[in-house]
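In: below is the sequence, then the predicted model.
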Amino acid sequence: MIKCARPSSPEPAEPSLREALTAPQHRDETAANSPLRVPDDLLAVRAGEGDAEAFALLVRRHSPSMLALAFRMLGNAQDAEDAVQDAFVSAWQRLPEFRHTAAFRTWMYRITVNRCLNARRHRRATLPLNAVTEPAAGMGSSPSGVAEQDALTVALTTALAALDPEQRACWILRELHGLAYEEIAHVTSTSEQTVRGRLYRARRSLKEALKSWR
């Protein structure tokens, strides 16, 4: 559970963010195309005005993606959770400054990536064997297929761990989270050309590292 310390509240009777985070999920969370689903931008406006429940809904919507990103960047579940918690705390505190020049999701990706890069600067990250869990096509569930999948997972996670942190961030955002080049550029505070260059180098490195699997 992501827990964020709430800044001073303009309404003393308003529920704390911790209480809001543990409240039952709202119906509009059940489907992205539900007519009851409140848009992120509107929730961000409400949260910026001190509505803890609105921000709690944003946390529940986006924390799975942020945790997946942080886990793949840091390679440790506890470190990933700490980074994402810090990211949401920062977002909660900075929401009054949010100008909606980008989607809330993009803004959260940016904050989370920065938290992960800062964490990596303080220690050398390693990836666990389950960092990449998607099964390889055609391997099936036979013992030999499972063993081959495990070996491929080791090879891929090792190759990802060897990437430059900025290259890894761009690769994860593009290949695993499906962000457009323009959005990745905004998240990483750089240009689309730089993003394309980092992706090219990341793909080249991964291709070389995994050439025995082709």
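Out: Looks like it arrived, so ask away. Numbers count the residues shown, from 1 in each chain.
In: how many neighbours does residue 213 have?
Out: 11 (other C-beta atoms under 10 Å). All C-beta spots, glycine's among them, are computed from the backbone N, C-alpha and C.
In: once you drop chain neighbours, what's closest to residue 44?
Out: Nearest residue to residue 44, sequence neighbours excluded (C-beta to C-beta, 6 or more residues apart in numbering): residue 104, at 4.9 Å.
In: what is the burial count for the nearest residue to residue 182 once chain neighbours are set aside?
Out: Of all residues not flanking residue 182 in the chain, residue 192 sits nearest, at 6.0 Å (C-beta to C-beta, 6+ apart). The tally of other residues near residue 192 (other C-beta under 10 Å) stands at 14.
In: before we move on, back to that, how much space separates the residue nearest to residue 44 from residue 168?
Out: From residue 104 across to residue 168, the span is 24 Å (C-beta to C-beta, to the nearest Å).
In: low-confidence stretches in this protein?
Out: 1-36, 123-150, 214 (pLDDT under 70).
In: show me the helices in it, by range?
Out: For the chain, applying DSSP state H gives helices covering 17-21, 40-48, 52-74, 77-94, 104-122, 143-162, 165-171, 181-187, 192-209.
In: list the helices and strands the second one packs on?
Out: Other elements packing on helix 40-48 under the criterion 3 or more C-beta pairs under 8 Å, 6 or more residues apart in numbering; DSSP states H and E are helix 52-74, helix 104-122.
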